[in-house]
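S.K.: Sequence and predicted structure, then a few things I'm wondering about:
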Amino acid sequence: MTDPLFGAAPVEIAPGAVHVPGWLDAEQRRDLVDRCRRWASGPAGMRHHTMPRGGTMSVAMASLGWYWRPYRYSRTLPGGGPVPEFPPMLGALALAGVEAAYGAPPGPGAAPYDVALVNFYDADARMGMHQDRDEQAAEPVVSLSLGDACVFRFGNTETRGRPYTDVELRSGDLFVFGGPSRMAYHGVPRTLPDSGDPASGLTAGRLNITIRASGMAAD
Ligand SMILES: O=C(O)CCC(=O)C(=O)O
Ligand SMILES: [Fe+2]
């Protein structure tokens, strides 16, 4: 199968928020789906976190590097065990993603990428509008999508509502948001079942990996 979008030009959705369609090639997509399966079978598995008001997230999530649950990071799993290590290959992908989106990699003083959240969406899962604000570093968030496409709603830094732009994120797409868009509200109002990328090895559902710099010291 060909990759019609492979090598497509970056599209700026808002200042500092850049969508690069078809950034991952077929082999990278397969490799990442494979790795997500291994990460998901780790000690913490994929969890549907409970929200502070008692609801349960429809998205299942695994953490690498630091353990995230609403709304903070910790160095250990809830049972006290160590958090699975942050895979260096995700750090390298994040730097390459920033360069693909902005035309230059992060500067020499940038905080290192050290945490990744792996999200799995079944056909009914969605994610409400939120800010990624639990990190203490200003580095851009680097997002990779695999499997079914989704509607990704990218908004503004002030409110959960309009103005926002709906972007379709497909398997292999890169989305980077930093600078003036780092604190923009964003969410996934729906996925598009059966729109996916069976050749990646994911025959149903959507995976999203966000790679972030926590800005926190490990010890
Ligand atoms: O699934 C996505 O594309 C976005 C995920 C997200 O916003 C998050 O994990 O904070
Ligand atoms: Fe987010």
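M.R.: Ah, there it is. Ligands and ions are numbered 1, 2, ... in the order given.
S.K.: so is whatever residue of the chain ends up closest to ligand 1 in a helix, a strand, or just coil?
M.R.: Closest residue of the chain to ligand 1, Cβ to the nearest ligand atom: Asn208 (3.3 Å). For glycine as for every other residue, the C-beta is placed from the backbone atoms N, C-alpha and C. Using DSSP: H, G, I helix; E, B strand; the rest coil, the structure places Asn208 in strand.
S.K.: Identify the bridge partners of it.
M.R.: In this structure, Asn208 bridges to Asn119, Ser145 when assessed by DSSP bridges.
S.K.: which ones are touching Met183?
M.R.: By Cβ atoms under 8 Å, 6 or more residues apart in numbering, the residues touching Met183 are 131-133, 157.
S.K.: same question, Gln136
M.R.: Counting by Cβ under 8 Å, 6+ apart, Gln136 makes contact with 214-216.
S.K.: which of those residues are buried?
M.R.: With burial judged by 16 or more other Cβ atoms under 10 Å, the buried subset of these is 214-215.
S.K.: any chance of the contacts of Gln136 in CSV, plus secondary structure and distance to ligand 1?
M.R.: Compiled in CSV, those are given as follows (DSSP: H, G, I helix; E, B strand; the rest coil; distance: Cβ to the nearest ligand atom, whole Å):
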residue, secondary structure, distance to ligand 1
Ser214, coil, 13
Gly215, coil, 16
Met216, coil, 17
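S.K.: Could I get the contacts of Gln136 in JSON lines, plus columns for pLDDT?
M.R.: Below are those laid out as JSON lines (pLDDT from 0 to 100):
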{"residue": "Ser214", "pLDDT": "98"}
{"residue": "Gly215", "pLDDT": "98"}
{"residue": "Met216", "pLDDT": "96"}
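S.K.: For Pro43, give its distance to Thr76.
M.R.: 11 Å (Cβ to Cβ, to the nearest Å).
S.K.: on that earlier part again, shouldn't the residue of the chain closest to ligand 1 be in contact with Ser143?
M.R.: Yes. With contact defined as Cβ atoms under 8 Å, Asn208 counts as touching Ser143 (6.2 Å).
S.K.: Find the residues that touch each one of the two.
M.R.: Leu169.
S.K.: sec struct for Ala101, please.
M.R.: helix.
S.K.: What parts of the chain come near ligand 1?
M.R.: 117, 119, 127, 132, 143, 152, 169, 186, 188, 208, 210 (Cβ under 6 Å from any ligand atom).
S.K.: Narrow those to those in strands?
M.R.: 117, 119, 127, 143, 152, 169, 186, 188, 208, 210 (DSSP state E).
S.K.: For these, give me TSV that also has neighbour count and pLDDT.
M.R.: Below are those laid out as TSV (neighbours: other Cβ atoms under 10 Å; pLDDT from 0 to 100):
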residue	neighbour count	pLDDT
Leu117	21	98
Asn119	21	98
Met127	19	98
Ser143	24	99
Phe152	23	98
Leu169	25	98
His186	26	98
Val188	22	98
Asn208	25	98
Thr210	18	98
